[in-house]
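**Student:** Below is the sequence, then the predicted model.
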Amino acid sequence: MVARSWHREMLPDFVWLAAMHGRRSAWRAAYEPLDLLDEFVPDGRRILDGRLSSFALVPEARRAAARDAVRTRTPSALSNDLGHMFALYPTCPARWLYEDWLERNEPNTERGLEVVRSLVADHTDKFGVRETRLRMAAISRYVTHQRISHPGGEAMDLVPEYPGRLNESEQRQGESMMRAMWGALFGMEVDEDPSVLDWPREFWTRNRELAPCQIRGQYDRRVPMDTGEDGPVDPEPLMHVSEIAKVLEELDRLGGELREAQRAAVAGPDDDEGMSVLLGLASRLFRLTHDLLERPSARSPATAPLHIRAILDTRILSAWLVHRNDREIFAAYREYGIGRLKLLREHVLADLGEDLDEEAHAFVDQLDKRVNLETDELWQSVNLGSFTNKTMRDMAVEAGLKRDYDLCTPLTPA
C-alpha cells in the first residue's frame with residue numbers, strides 16, 4: 001500500500017472544482033456544467049468527475065462545440081479570472097475551455113498567479129471540510145455514472161443527509177469516511193493509469209518557473225549595528241561592534257550565495273526527495289553558523305562546543321548523503337524525521353495530560369496538523385534508533401571529513 005499526497009498529487013487536479021465551489025461549497029455550480037459536458041464525452045473507463053485531468057476526455061473534434069455549450073448555458077463555469085489562471089499552464093488538460101478566450105484577450109500573469117495562489121492556499125488542509133467536499137464532489141460523479149455503489153449502513157447512511165441534516169459530530173464522521181473512500185479510489189486509479197499524476201507534476205514544475213520560492217534575505221539582528229557608535233559588545237566584550245558587523249556582512253554574502261545555489265539546484269518535483277533533505281541541511285548549517293557568529297558570548301569555552309558540534313554533525317551528515325547519493329537513504333532520513341516528530345507529539349500529549357485548557361488545545365491542534373502535513377500518521381513508523389547503521393564517525397570517514405571529526409570530538413561536553 002502506498003500513501004498518496006493530497007497537496008502534491010491531488011490538489012492541482014481539483015482547482016476548477018475549488019473555484020466552482022467557492023467558500024460556501026456551492027455544489028450545483030460544478031454539477032450543472034459537468035452534466036452538460038457529459039453529452040460530449042464518449043463512453044469509456046474514466047468519467048468527467050470535475051478534476052482538470054478528466055476534461056481531456058472530451059475529444060478534440062468536439063471541444064469547440066462543448067465550449068460554446070458551456071458558455072451559453074452555464075457561463076459561470078468560464079469566469080475571466082480562471083482564464084488568466086489557465087493561460088499560465090500550456091499543458092493543462094482543461095486549457096481548451098479557454099482556447100477562444102485566449103485568442104481574444106491578453107492574459108495577465110499576476111492576476112492568474114493571484115487566482116491560483118488563492119485556490120491552493122484555501123485548500124491545503126487535507127483534513128479540512130472544504131478539501132473533503134472537493135473529494136465528495138468527484139465521488140458523487142462516480143455515483144451519478146453508476147461506477148460505484150454501496151449497501152448503506154452506519155456511516156454510508158449519513159451521506160444523503162450531509163451536511164444540513166447532520167450534527168457536527170455526524171458531519172465529521174461522514175467526512176472522514178469520504179476521505180478514506182477517495183484515498184482508495186485514487187490509489188487504484190494511479191495503479192491502473194500512472195499518467196493521472198502527470199498533470200500535478202507539470203503543475204508544480206510550472207509554478208516553480210512562475211513563482212520561485214522567496215528565500216529569506218536577512219536574519220533579525222540581536223546586536224544593533226546602526227547605532228553609529230563603536231565599542232565592546234555587552235555582556236562580554238570579546239569583540240567590538242565594528243568587528244562583528246564585518247563578520248555579519250560576510251555571513252550575509254554567504255547567505256546570498258546559498259540562496260542562488262538553492263534556486264539553481266531545485267529543478268523539478270522529481271528531484272525533491274534528495275534536494276529537500278540537502279537544502280534543509282544547508283539551511284540548518286547557515287542558521288547554526290549565524291547564531292554562533294552573531295553573539296560573541298556564544299564563542300566562550302563553556303558554550304562554543306555546543307554550537308560547533310551541532311555544525312560539525314550537520315556538515316558530516318550532509319556530506320555523507322551527497323557522497324552516497326541514494327534515493328532510498330534520502331527517503332529513510334525523511335521518514336525518520338517525520339516519525340520522530342510523531343513521537344514528540346505523543347510525549348507532549350502524555351506530559352500535558354487529558355485536562356487541556358484552550359491554549360493547550362490550540363497547541364495540540366497545530367502539532368497534529370504538522371505531524372500529518374506530509375503523510376498521515378497511520379503510515380508513519382517511529383524509529384527509536386537511527387535512520388542508518390552508520391555512526392557519525394563512519395560517515396565522516398566515508399565523506400573524507402575524518403580530520404574535522406577528530407578535531408571536534410574532544411569539544412563534546414562530558
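**Tutor:** In hand now; what should we look at? Numbering: from 1, shown residues only.

**Student:** Buried residues, stretch 160-169. List them.
**Tutor:** Buried residues in stretch 160-169, counting neighbours by 16 or more other Cβ atoms under 10 Å, are found at 162-163, 166. The way it works is simple: take the backbone N, C-alpha and C, and place the C-beta from them, glycine included.

**Student:** Throw those residues into a markdown table and include secondary structure and pLDDT, thanks.
**Tutor:** What follows is the buried residues of stretch 160-169, written out as a markdown table (DSSP: H, G, I helix; E, B strand; the rest coil; pLDDT from 0 to 100):
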| residue | secondary structure | pLDDT |
| --- | --- | --- |
| Y162 | coil | 89 |
| P163 | coil | 85 |
| L166 | coil | 89 |
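
**Student:** can you list the residues you listed in JSON lines and add distance to E377?
**Tutor:** As requested, these are exported to JSON lines (distance: Cβ to Cβ, whole Å):
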{"residue": "Y162", "distance to E377": "25"}
{"residue": "P163", "distance to E377": "26"}
{"residue": "L166", "distance to E377": "26"}
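
**Student:** ok, these vs D326, which is closest?
**Tutor:** Distance to D326, by Cβ to Cβ, is smallest for Y162 among the buried residues of stretch 160-169, at 46.3 Å.

**Student:** So the closest one versus L17, what's the distance?
**Tutor:** In this view, Y162 and L17 are 17 Å apart by Cβ to Cβ, to the nearest Å.

**Student:** By mean pLDDT, point me to the weakest helix or strand of the protein.
**Tutor:** helix 241-265 (a mean of 82; mean pLDDT, DSSP states H and E).

**Student:** what helices or strands is it leaning on?
**Tutor:** Secondary-structure packing of helix 241-265 (3 or more Cβ pairs under 8 Å, 6 or more residues apart in numbering; DSSP states H and E): helix 272-294.

**Student:** Distance from the chain centre to the helix or strand following the helix it packs on, please.
**Tutor:** The first helix or strand that comes after helix 272-294 along the chain, using DSSP states H and E, is helix 304-324. Averaged C-alpha coordinates place helix 304-324 at 26 Å from its chain's average position (Cα atoms, centre = their mean, to the nearest Å).

**Student:** what residues does helix 304-324 touch?
**Tutor:** Residues lying outside helix 304-324 but in contact with it, judged by Cβ atoms under 8 Å, 6 or more residues apart in numbering, are 274, 277-278, 281-282, 284-285, 288-289, 291-292, 298-299, 329-330, 333, 390, 392, 395-396, 398-401, 404-405, 408, 411-413.

**Student:** all helices in the stretch 301-414 of the chain, in order from the N-terminus.
**Tutor:** For the stretch 301-414 of the chain, helices defined by DSSP state H, counting those that start in this stretch occupy the ranges 304-324, 327-352, 358-371, 392-398, 402-408.

**Student:** Can you check which of the ones you listed gets nearest to T132?
**Tutor:** Among the helices of the stretch 301-414 of the chain, the nearest to T132 by Cβ to Cβ is helix 358-371 (14.7 Å).

**Student:** Next, the buried residues of the closest one.
**Tutor:** Buried residues in helix 358-371, counted by 16+ other Cβ under 10 Å: 367, 371.

**Student:** Then stretch 87-101?
**Tutor:** Buried-residue list, stretch 87-101, by 16+ other Cβ under 10 Å: 87-89, 92-98, 101.

**Student:** Quick one: mean pLDDT for that stretch?
**Tutor:** Stretch 87-101 comes out with an average pLDDT of 96.

**Student:** Stretch 272-285 too?
**Tutor:** Mean predicted confidence for stretch 272-285 is 86.

**Student:** With only the CA atoms kept, save that stretch in PDB.
**Tutor:** Coordinates of the C-alpha atoms in stretch 272-285 are reproduced here as PDB (Å, rounded to 0.1, in the frame of the first residue of the first chain):
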ATOM      1  CA  ASP A 272      12.600  16.700  -4.400                       C
ATOM      2  CA  GLU A 273      13.400  13.600  -2.400                       C
ATOM      3  CA  GLY A 274      17.100  14.300  -2.100                       C
ATOM      4  CA  MET A 275      17.100  18.000  -2.700                       C
ATOM      5  CA  SER A 276      14.600  18.800   0.100                       C
ATOM      6  CA  VAL A 277      16.900  17.000   2.600                       C
ATOM      7  CA  LEU A 278      20.100  18.600   1.300                       C
ATOM      8  CA  LEU A 279      18.700  22.100   1.100                       C
ATOM      9  CA  GLY A 280      17.200  21.700   4.600                       C
ATOM     10  CA  LEU A 281      20.500  20.700   6.000                       C
ATOM     11  CA  ALA A 282      22.200  23.600   4.200                       C
ATOM     12  CA  SER A 283      19.700  26.000   5.800                       C
ATOM     13  CA  ARG A 284      20.300  24.400   9.200                       C
ATOM     14  CA  LEU A 285      24.100  24.900   8.700                       C
END
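
**Student:** contacts for it?
**Tutor:** Residues outside stretch 272-285 that contact it (Cβ under 8 Å, 6+ apart) are 258, 261-262, 265-266, 311, 314-315, 317-318, 321-322, 325, 327, 330-331, 333-334.

**Student:** where in the stretch 301-414 of the chain is pLDDT low?
**Tutor:** Within the stretch 301-414 of the chain, the segments meeting pLDDT under 70 span 410-414.

**Student:** Model confidence score at E189, please.
**Tutor:** Note on E189: pLDDT of 93.

**Student:** what's the nearest residue to it if we skip its chain neighbours?
**Tutor:** Spatial nearest neighbour of E189, chain neighbours left out: V196 (5.6 Å); criterion: Cβ to Cβ, 6 or more residues apart in numbering.

**Student:** which residues sit in contact with the one you found?
**Tutor:** If you count contacts by Cβ under 8 Å, 6+ apart, V196 has them with 53, 189-190.

**Student:** excluding its backbone neighbours, what's nearest M156?
**Tutor:** Nearest residue to M156, sequence neighbours excluded (Cβ to Cβ, 6+ apart): H150, at 5.1 Å.

**Student:** Against A319, how distant is that neighbour?
**Tutor:** H150 is 54 Å from A319, by Cβ to Cβ.

**Student:** Next: T144.
**Tutor:** Taken as Cβ to Cβ, the span from T144 to A319 is 56 Å.

**Student:** Between those two, point out the one with more neighbours.
**Tutor:** Between T144 and A319, A319 has the larger neighbour count (other Cβ atoms under 10 Å), namely 18 against 14.

**Student:** Against L281, how distant is the more buried one?
**Tutor:** Distance, A319 to L281, by Cβ to Cβ: 10 Å.

**Student:** Next: R111.
**Tutor:** Taken as Cβ to Cβ, the span from R111 to L281 is 37 Å.
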